[in-house]
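In: any chance you can model this:
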Amino acid sequence: MTADHPSDSLLRRYARGDDDIAADQLWAVESHLETCAPCRGRLGPDTVAEAAWAGLEPLLDRTPQMPRARQRFNAWVSPAAGPWLAMILLVTAAAVALDQLGAAASGRVSLVLLVAPVLPVLGVAASWSRALDPAFELIAATPRAGLPLVFRRTAAVLAVIVPGLAVASLLTGLHLTLWLLPCLAFTTGTLALGAFIGVTRAAVTLTAAWAVAIVAPTIAFNRMSAVLNENTTPAWAAILAVGLLVIARRRMAFTRLEANR
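Out: Numbers count the residues shown, from 1 in each chain. Modelled structure (predicted):
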């Protein structure tokens, strides 16, 4: 690939159907050809394709097409994620209400702080779950699938949940650093572990581990865990950095259907 267009040699290999083209190069070429007519012209005439297109073009003109705005929306948000995001915001609101009503004994335990790290994990799992998305096979097979799609949908989840948590922190008096870094670290940790065992399985595993190791003891002893104070900020930042590094090294794992599990 050049800075803007595929090289002539790569296009010739693509036109011949060579099977030794790297997967990321193949998807990059196919994605580029979708929007670049000059490069499609560089492929040269294809009589078989032209004959097929001549028969399909009249049918396509009469076929209803999905609006482009809806296509762009689906690239960022899974249709199955809407109810999950609404549920997560309701959980946040419930945690705020319980904190405000003093349901946590003597106010020493903040339910908002306890649930904040794992809330985005649930949204990410819903956005990239083959069990919740009936079109997961089609999506995973598109040229723009893989890590870019995972990042887009994760960003969409964070764009909804982080502002909600920010409002919750203002209402409950929590400092931003207490929940934001754990929130981002858990999200990247889910994607990093998901590159090995699947995003949904990773989300369930990390959420269960957090509930057993942190939430249950905190509520039982009515004392906030030491992992959720300002002194642990460097540790959460390190977890975030390691998670991003693992995602970068394992980025091709998200092009396989196993990442949806």
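
In: now the closest residue to Leu176 other than its chain neighbours: which helix or strand?
Out: Of all residues not flanking Leu176 in the chain, Ser169 sits nearest, at 6.3 Å (C-beta to C-beta, 6 or more residues apart in numbering). For the C-beta atoms, the positions are set from N, CA and C on the backbone; glycine is no exception. Element membership for Ser169, per DSSP states H and E: helix 147-172.

In: any chance you could map the helices in the stretch 51-200 of the chain?
Out: Chain-ordered helices for the stretch 51-200 of the chain, with DSSP state H, counting those that start in this stretch as the definition, fall at 68-76, 81-101, 111-115, 119-127, 136-140, 147-172, 176-197, 199-210.

In: which one of those lies closest to Thr218?
Out: Taking C-beta to C-beta, helix 111-115 is the member of the helices of the stretch 51-200 of the chain nearest to Thr218, at 6.2 Å.

In: average model confidence for the closest one?
Out: Per-region confidence: helix 111-115 scores 88 on mean pLDDT.

In: which residues touch Ala209?
Out: If you count contacts by C-beta atoms under 8 Å, 6 or more residues apart in numbering, Ala209 has none.

In: quick revisit: right, and the helices of the stretch 51-200 of the chain - which one's nearest Thr232?
Out: Thr232 sits nearest to helix 176-197 of all the helices of the stretch 51-200 of the chain, at 8.4 Å, using C-beta to C-beta.

In: which neighbouring elements make contact with the closest one?
Out: On a contact count with 3 or more C-beta pairs under 8 Å, 6 or more residues apart in numbering; DSSP states H and E, helix 176-197 meets helix 111-115, helix 119-127, helix 147-172, helix 199-210, helix 233-249.
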